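1. Sequence and predicted structure, then a few things I'm wondering about:
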Amino acid sequence: MTVRRLFPLALLMTFALASCEKEETALPAQPAALLQSRWQLTQIDNFPVTASSYSETGKSYLEFVELGTCTVGLGPCNNFSGRYSLAGGGQELRITPQIATRAACPVQDLETRYLDNLALTSRYEISGDELRLYDATAPAPRLLFRRTAP
């Protein structure tokens, strides 16, 4: 290929990559706390969650990755990932249905409830080191998490 043919392609790629840069904007305190933490799952509806099926050290968690608005985590059985969006001054939270690996385990029903509840999330609250996720219909949180070190 000649330089003349490569120049338009190089110019197009430069513009495309420039549009992917992360915006440097200050986040309000609540979203910053949400995004800069790993959240260990402690409760699904009224059911306490103490460990995953992996091991005592492999606890179920959720992380919100600011760049790309992605979620990553570990359920009681499988790793998962998806997307999220914040709105309404930061208190509204929408989480897409998560894509999970497909390892079967004895607590598969619990993991299904966890992933289903994530997809129903409409808002969140952070109080101290606790994250509460709510759906649009229930006054009580559907999921509870505790902040842990990543």
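-> Structure's in. What do you need? Numbering: from 1, shown residues only.
2. counting contacts, what elements does the longest strand along the chain pack onto?
-> Ranked by residue count, the top strand of the chain under DSSP state E comes out as strand 79-87. Here strand 79-87 touches strand 70-74, strand 92-95, strand 99-100, going by 3 or more C-beta pairs under 8 Å, 6 or more residues apart in numbering; DSSP states H and E. Every C-beta, even on glycine, is put in place using the N, C-alpha and C of the backbone.
3. mind checking which of the ones you listed is nearest L62?
-> Counting by C-beta to C-beta, L62 lies closest to strand 70-74 out of the helices and strands packed on strand 79-87; the figure is 4.2 Å.
4. low-confidence ranges in this protein?
-> Applying pLDDT under 70 to the chain flags residues 1-30, 51-57, 67, 90, 150.
5. all strands for it, in order.
-> Under DSSP E, the chain gives strands at 38-44, 47-48, 61-65, 70-74, 79-87, 92-95, 99-100, 121-127, 130-135, 143-148.
6. Show me the residue at the heart of the chain, geometrically.
-> T71 (2.7 Å; C-alpha atoms, centre = their mean).
7. Just put the helices and strands packed on strand 79-87 in JSON lines and tack on distance to T112.
-> Output for the helices and strands packed on strand 79-87, formatted as JSON lines (distance: least, C-beta to C-beta, whole Å):
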{"stretch": "strand 70-74", "distance to T112": "14"}
{"stretch": "strand 92-95", "distance to T112": "15"}
{"stretch": "strand 99-100", "distance to T112": "9"}
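8. Would you confirm that the residue nearest to the centre of the chain contacts V65?
-> Yes. Using C-beta atoms under 8 Å, T71 is in contact with V65, at 7.2 Å.
9. Can you give me the distance of the nearest residue to R132 once chain neighbours are set aside to L41?
-> For R132, ignoring the flanking residues on the chain, the nearest one in space by C-beta to C-beta, 6 or more residues apart in numbering is P141 at 3.8 Å. Per C-beta to C-beta, to the nearest Å, P141 is found 12 Å from L41.
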